[in-house]
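Just to be clear, the model below is a prediction. Sequence and coordinates:
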Amino acid sequence: MKTFNLIINGIGGQGVITLLSLIDQAAFIEGYDVRSSELHGLSQRGGSVETHIRFGKKVYSPLISNGRADLIISLEMLEALRETSKSGKAAKFLVNEFISPFIGSLTKEEIEKQLKVLKNELHIVSASEVCKEKLQNEVVSTTYLLGWAVYKKFIPLKEDSVLRALKYVVPKKYREINIKAFELAKKHD
Amino acid sequence: MKEVLLGNEAIIKGALKAGVDFVSGYPGCPSAEIGDDFAKIAKEKGVYVEWSTNEKTGLEAAIGASFSGLKSLVNMKSFGINVCSDALLPLAYTGTKAPMVIVVADDPSCWSSAQTEQNSRAYAFLGHIPVLEPADPQECYDFTKLGFEISEKFNIPVILRTVTRAAHQRAVVEFEEVGKKERKIGKFIKDPHQFSTMPPRVLEMKKELLEKIKKISAYVEKSKANFISGNKKSKIGIIASGISFLYSMEAVEELKIDAQVLKLGFFYPLPEKLIANFIKGKNKLLVVEELDPYVEKEIMRIAKTANPKIKIFGKDLLSEIGELNAEDVCAALAKITGKKFKKFSVRPLILPKRTARLCEGCPYWYIFPTVKRVAPEGTIFGGDIGCNMIAGLAPHSMHDYLFCMGSSIGISHGVKKSTNQKVISLMGDGTFFHSGIAGLINAVYNKSNPLMIVLDNRITAMTGHQSNPGMGKTLMGQDTQELQIADIASACGVKNIKVLDPINIKELEAVIKEFLEKEEVSLIVCKRICALLARPN
């Protein structure tokens, strides 16, 4: 398999790094060489957080070069727009329909318009809303999005590996709700 | 066993495998997980762990441990080595007794750093201290062990210099898990000849150190931490230092270039013979390293006798600013080899920047706007490191200067002495304990009168909520004396002191107004817990 390049981004505190750990672990379970890169600290105080995951036969750099991402998972809409340098023509965008506004931020309509200019395969999913409604928990929307990526085969990982990874990465008291969120994505189109 | 580990987690595993007994340091990004995660396993693994008040006291604690026969690990971010350098340089002279590894985490591109884009490798030259540079979590594990090995063999502290992309890289690591152990009690055996740098002994010690480095150089020539990969006959060579190796390998594969690569795990001392032999048969050489061209300059020197005709490329093609990536190395290699490579053309899209901001419910929300509103026009605001750095960003945009830990009061004193302007210094509680007190004493002693506001959110928050002397808890969870900032200031001679809850805005307003008129140093301690800690989980 050619190295799979995945960007996960969002804003500090949204659970970007937990999602990254989950995917790292699932890729490891499937026997891939995996490398990822993350940022902590200042960027986690509500700033933009961009993380890179690469897995395949042999991976050197922990960073994805411009234009080489296969999939972009964005937990916030404006953050998705920031990845236009990383996404090649073939990159798919999986975007949480969620906006965290700030001074000078763009409107949702403007962001959607800009995202569509790209002509990349684009899926805007109301993960935060669905999780809030069905599970009374917005935080697990990251796991729900991962479910989407896995069940729609946007990401070459098996359902079973992700569930095993979940048991390994997520603390016991949050495990069940995360599994529910993951499997909830199976039922949605 | 094999697991996916973060670079910092791999350092912990490596230190445990080496039998570490004593861990000290000061939290910063990207190194803080080392102390935080060590604390979780300290009891089981028989390790003493502390957050020290600053990097200097942290290193000094480890020196005491080393002299008492305990294996120690010190951890800090880049700037920490500046703080502890006063103790570090004589430590190279005295040498260690039990081995010591010092982790210094640099942050090229300044992802989580103000101050400077520091290249801590320079301390190798300043102190004659061996420096290892891991490229990934596996090397974080291997090199931590190797650092202890070298330190034990040569009685010298060893620096493990990481960067954000190694410390915060996750990858599969093969390691050995260690079992439970009892905490070791050391014994200090008197040896002033070795532990005291008093002249004339100090110059003898320098001679001993230089001789040690010679021996270590011979050891480094044979070390597997430096290795060569690729076709021996190739006329093109790449010498890559630390993390740059990963970008170099990616670039070689991408461009399908027939090149031989020498990976340097050691930054200091360099394996000079290995380098000389490597460059002998080559026509062209690319040196790939982040930030300053320290390795490049050394190689130019070595090439003068080893292969004067070789063409050496480096910082003429790669930036001295910011971290590197595979694309940068591709572009450089393409230029040297004549291969075609087009950088991906990025669609120009200017987006509003989302900068760090105060969390919801942060007590600082009460403080910044109030201070700004009440202070007369033209008031100078000194900023400091920590969450209060956010005061420098919109919508607050308050800082008139920002330097290093604890500096706001020191600089404010100088401004106050030099002008007739009003000066307010902002500082967090963690920073106050780290290095703010000395500046406060200087201001009092020299009859200055800035207003200092300590934003006491009851924890060292920015780096991920580490304990500090104001909390009454140690890193290992023991109850301890809870130091009162007001008491310390009072003992330092500060006459005007007010401790208040900043949620009482009217009171805060009144005190600021009153204290700005004082002829002596004044201190307001705004005491309210960090919102993230106050929140039920």
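Structure's in. What do you need?

Could you list everything A:V34 pairs with in the sheet?
Counting by DSSP bridges, A:V34 forms beta bridges with A:F55.

for it, what are its contacts?
Taking C-beta atoms under 8 Å, 6 or more residues apart in numbering or on different chains, we find A:V34 in contact with A:24, A:27-28, A:53-55, A:59, B:4, B:170-172. In short, each C-beta sits where N, CA and C put it, glycine included.

now do B:H168
A:37-40, B:6-8, B:30.

State the distance from the residue nearest in space to the middle of chain A to A:E110.
Closest residue to the average C-alpha location of chain A: A:I73 at 3.3 Å, with C-alpha atoms, centre = their mean. Here A:I73 is placed at a distance of 21 Å from A:E110 (C-beta to C-beta, to the nearest Å).

chain center to the helix or strand of chain B with the lowest mean pLDDT, what's the gap?
The least trusted helix or strand in chain B, going by mean pLDDT, DSSP states H and E, turns out to be helix B:531-534, with a mean of 89. Taking C-alpha atoms, centre = their mean, to the nearest Å, the mean C-alpha location of helix B:531-534 is offset from the chain mean by 26 Å.

what do you get for stretch B:294-305?
Here stretch B:294-305 is found 27 Å from its chain centre; the criterion is C-alpha atoms, centre = their mean.

Ok, stretch B:374-383 next?
Per C-alpha atoms, centre = their mean, the centroid offset for stretch B:374-383 relative to its chain is 31 Å.

So what touches it?
Contact with stretch B:374-383 is made by B:371, B:389, B:391-392, B:398-402, B:407-409, B:411-412, B:415, B:419, B:421-426, B:450, B:508-509, B:512-513, B:516, as judged by C-beta under 8 Å, 6+ apart.

Please list which of those residues also come close to chain A.
B:M389 (C-beta under 8 Å from any C-beta of the partner chain).

Filter the contacts of stretch B:374-383 down to the buried ones.
B:371, B:389, B:391-392, B:398-402, B:407-409, B:411-412, B:415, B:422-426, B:450, B:508, B:512, B:516 (16 or more other C-beta atoms under 10 Å in any protein chain shown).

Strands - which of the residues you listed land there?
Counted as lying in strands by DSSP state E, out of the buried ones among the contacts of stretch B:374-383, are B:401-402, B:423-426.

before we move on, the earlier item: report the contact partners of the residue nearest to the centre of chain A.
A:I73 neighbours (C-beta under 8 Å, 6+ apart): A:6-9, A:19, A:94-95, A:145-146, A:149.

Would you verify that it is located in a strand?
Yes: judged by DSSP: H, G, I helix; E, B strand; the rest coil, A:I73 forms part of a strand.

That one and A:S87: what is the separation?
Counting by C-beta to C-beta, the gap from A:I73 to A:S87 is 12 Å.

Show me the common contact partners of these two, please.
Shared contacts of A:I73 and A:S87, counting by C-beta under 8 Å, 6+ apart, come down to A:I7.

how much space between A:N9 and B:N468?
For A:N9, the distance to B:N468 (C-beta to C-beta) stands at 32 Å.

One more: B:P376?
Taken as C-beta to C-beta, the span from B:P376 to B:N468 is 33 Å.

quick one, which of these two is more surrounded?
Neighbour count, other C-beta atoms under 10 Å in any protein chain shown: between B:P376 and B:N468, B:N468 has more, with 23 against 9.

I'd say that one and B:G436 touch.
No: contact criterion C-beta atoms under 8 Å: B:N468 and B:G436 do not qualify, at 11.6 Å.

all helices in chain A, in order from the N-terminus.
A:16-29, A:77-81, A:108-117, A:127-135, A:141-151, A:159-169, A:172-184 (DSSP state H).

Secondary structure element for the residue nearest to B:V103 when sequence neighbours are not counted, which one?
Excluding its sequence neighbours, the residue lying closest to B:V103 (C-beta to C-beta, 6 or more residues apart in numbering or on different chains) is B:N75, at 4.4 Å. If you go by DSSP states H and E, B:N75 is part of strand B:72-77.

Tell me how many other residues surround residue 85.
Since no chain was named, I'll use chain A. Neighbours of A:S85 (other C-beta under 10 Å): 15.

actually chain B
B:S85 has 18 nearby residues by other C-beta under 10 Å.

who touches it in this structure?
Per C-beta under 8 Å, 6+ apart, neighbours of B:S85: B:123, B:126-127.

Just the buried ones out of those, please.
B:123, B:127.

Dump the contacts of B:S85 into JSON lines; add pLDDT, secondary structure and distance to chain A as well.
Converted to JSON lines, the contacts of B:S85 look like this (pLDDT from 0 to 100; DSSP: H, G, I helix; E, B strand; the rest coil; distance: C-beta to the nearest C-beta, whole Å):
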{"residue": "B:Y123", "pLDDT": "98", "secondary structure": "helix", "distance to chain A": "22"}
{"residue": "B:L126", "pLDDT": "97", "secondary structure": "helix", "distance to chain A": "27"}
{"residue": "B:G127", "pLDDT": "97", "secondary structure": "helix", "distance to chain A": "27"}
